[in-house]
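Trainee: pasting the sequence and the predicted coordinates here, then a few questions.
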Amino acid sequence: MPAHFRVSSLIPNGLVVDSVMQVDEMLVVTARAGIEVATCPLCRSPSRRAHSRYVRQVSDLPCSGRSVCLRVVTRRFCCEAPHCRRRIFAERFDEAVLLVRSRRTSRLDCIVHHLGLALGGRPGASLAKRLMLPVSNDTVLRVVRARARPRTDPLNVVGIDDWAFRRNHSYGTIVCDLERRRIVTLLPDREMATVEAWLAGHPDIRVLSRDRGSGYGEAASKALPCVIQVADRWHLMENASSAFLSAVRKSMRPIRAAIGATTINPELLTCAERLQYDGYLRREETIAKILALAKDGTAIKQIVRKTGHSRNRVRQVLRGDRGDVFRTRQSSLDACLPLLDAQWASGCRNAARLWRQLKSDGFRGSQRVVSEWATRRRRAEKASDQQLQKVPSARTIARLMTTARDHMSKADTVIIAAIEAGVPTLVAARTLTDRFHMMVRKRTEADLVPWIAAASQSLIASFATGITKDIAAVRAALVQPWSNGQTEGQITKLKLVKRQMYGRAKIDLLQARLIGAT
Ligand SMILES: [Zn+2]
């Protein structure tokens, strides 16, 4: 039912409008409390005896594009309780309306707080100006700081990591509540004592996820000996990869010898071809496995867990576009490579004849595919020794032997084939690294002890020693669902807020903005 509009409904509840004036572009609203009785702040007894009045000027939310100045006529009362020390007191308003000594109504304060959380001081203030909210940038920050409330939820599972105040210069520590996906606190440094003291104050933490290497693990074992520490899975994978890289660095001498001694011989080319063919078989097997699982109705998440392939890869296979991930060049030929190879080895160099032979064997591609293959093959055989002797960097070799294995050019394949034939210890190290990655992806905890036993005899023995030293946390990483990926995400958010404030924000302000926002 339509009701008559009252001017008092424009201003906060509990206040009654006496008059409204327009001064320039500003609305000046004079108002007073709607009730006759006030309560003494000291003895809580009610009083009706007004002593005097004064006017408080506060800002309120804008109205129709005009800023609003609220003139609140505030009464002073005499306290009538006989033994109260307070003779006269000013009336107070509801906290949801107007705080004691505040220059803004609570609802305006709340908006300013959220502007500050989202934008920071200066940008917050300039947007506020456009919204006809009269606040300065200092005020925005003051409100953000004043309204920051520490979290009181019980903490069970936390992730801890460091973040850069200034890169390579000073670092802080971030603690996240992994269950509620929130930042819990920012600590001013990454000293063990600081972290230890903070952890000691939170004895209800059950699980702590952290990276390896930094002092967080040690601090946690000192402060909370019963807590389950979880090594971060991403860091574990990364550590394994860099262990392989240093294995390659250690093997550069035999690698140079292997590559230097290489002349182009048919055997090596066969070997290179073999590598590519192996890759092809591996890819086919993967696709078949993923498709079979999907056919059984397994969810993508489960397939990722079971096969250990990345989510992206699984999705691409299921979507049917294998081209992006799996090399399709020569794909029609891949299956015939062994046959083609045998023919080539027996001296048949004529592309047309090779094609006819393949065709009678069921090959459905055109002659062009075969003749291009023959050209490439001939060119590879002619590749000068000089070109081959250019030894790639350790990083490149490590990459070619691992992640780029399925996307190698012919020249790279020849080099890697030479290395694999000449430096078998490196192949062993690669296999162990793969096995470790697989173990972390599939979370096969049972494989951990056998893996350590095998790896301690290899080129990545020092990595295995590190794993042994931290075995409880590594095992927890394979068993527990928690990981620090989320914490990394929160650090990204932290960096964004830090940059928004031109990197000048002190830690309490960062804390207020990040924790207030969630
Ligand atoms: Zn009193």
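Mentor: On my side now, so go ahead.

Trainee: going forward, measure contacts between C-alpha atoms and count neighbours the same way
Mentor: Noted.

Trainee: ok, residue 495 to residue 413 distance?
Mentor: 42 Å (CA to CA, to the nearest Å).

Trainee: the more surrounded of these two?
Mentor: Between residue 495 and residue 413, counted using other CA atoms under 10 Å, the more crowded position is residue 413 (24 against 17).

Trainee: so which strand or helix has residue 54?
Mentor: Assigned by DSSP states H and E, residue 54 falls within strand 50-63.

Trainee: average pLDDT for that strand?
Mentor: If you average the pLDDT over strand 50-63, you get 91.

Trainee: compute the inter-axis angle for the helix or strand that comes right after it and strand 50-63.
Mentor: Using DSSP H and E, the next helix or strand after strand 50-63 towards the C-terminus is strand 66-78. Calculated by axes from the mean of the first three to the mean of the last three CA atoms, to 10 degrees, strand 66-78 forms an angle of 160 degrees with strand 50-63.

Trainee: can you give the contact residues for strand 66-78?
Mentor: 25-33, 38, 47-62, 87-91, 132-134 (CA atoms under 8 Å, 6 or more residues apart in numbering).

Trainee: now do that strand: distance to the chain's middle.
Mentor: 49 Å (CA atoms, centre = their mean, to the nearest Å).

Trainee: list the strands paired with it, with their directions.
Mentor: Strand 66-78 has the following strand partners under DSSP bridges: strand 26-33 (parallel), strand 50-63 (antiparallel), strand 88-90 (antiparallel).

Trainee: and the strand holding residue 54, which residues are buried?
Mentor: Within strand 50-63, the residues that count as buried by 16 or more other CA atoms under 10 Å are 50, 57-62.

Trainee: before we move on, what about stretch 285-298?
Mentor: Result for stretch 285-298 [16+ other CA under 10 Å]: buried residues 286-287, 290-291, 293-294.

Trainee: TSV please, covering those residues and showing distance to the ion.
Mentor: Listed next are these as TSV, based on distance: CA to the ion, whole Å:
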residue	distance to the ion
286	81
287	81
290	78
291	80
293	77
294	76
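
Trainee: now the one residue in the stretch 301-450 of the chain that gets nearest to the ion, nearest residue through space, not along the chain?
Mentor: When scored by CA to the ion, the stretch 301-450 of the chain has residue 301 as its residue closest to the ion, at 66.1 Å. Nearest residue to residue 301 in three dimensions, chain neighbours excluded: residue 311, at 7.4 Å (CA to CA, 6 or more residues apart in numbering).

Trainee: who touches the one you found in this structure?
Mentor: Contacts of residue 311 (CA under 8 Å, 6+ apart): 300-301, 304.

Trainee: how close does it get to residue 302?
Mentor: According to CA to CA, residue 311 and residue 302 sit 10 Å apart.

Trainee: mutual contacts of these two, please.
Mentor: Here residue 311 and residue 302 share no contacting residue, scored by CA under 8 Å, 6+ apart.

Trainee: counting by contacts, list what the lengthiest helix in the chain packs against.
Mentor: For the chain, the helix with the greatest residue count under DSSP state H is helix 266-295. Contact here means 3 or more CA pairs under 8 Å, 6 or more residues apart in numbering; DSSP states H and E; on that basis helix 266-295 packs against helix 300-307, helix 311-319, helix 337-345, helix 410-422.

Trainee: tell me the average confidence for that helix?
Mentor: pLDDT averaged over helix 266-295 gives 75.

Trainee: report the angle between that helix and helix 300-307.
Mentor: Going by the same axes, to 10 degrees, helix 266-295 makes 140 degrees with helix 300-307.

Trainee: from now on call the first residue 33
Mentor: Sure thing, new numbering starts at 33, so read that last one as helix 298-327.

Trainee: about what we covered before: most neighbours among the contacts of residue 343, please name it.
Mentor: residue 336 (20 neighbours).

Trainee: pretty sure that residue contacts residue 346?
Mentor: Yes. The pair residue 336 / residue 346 is scored as a contact, 6.9 Å apart, by CA atoms under 8 Å.
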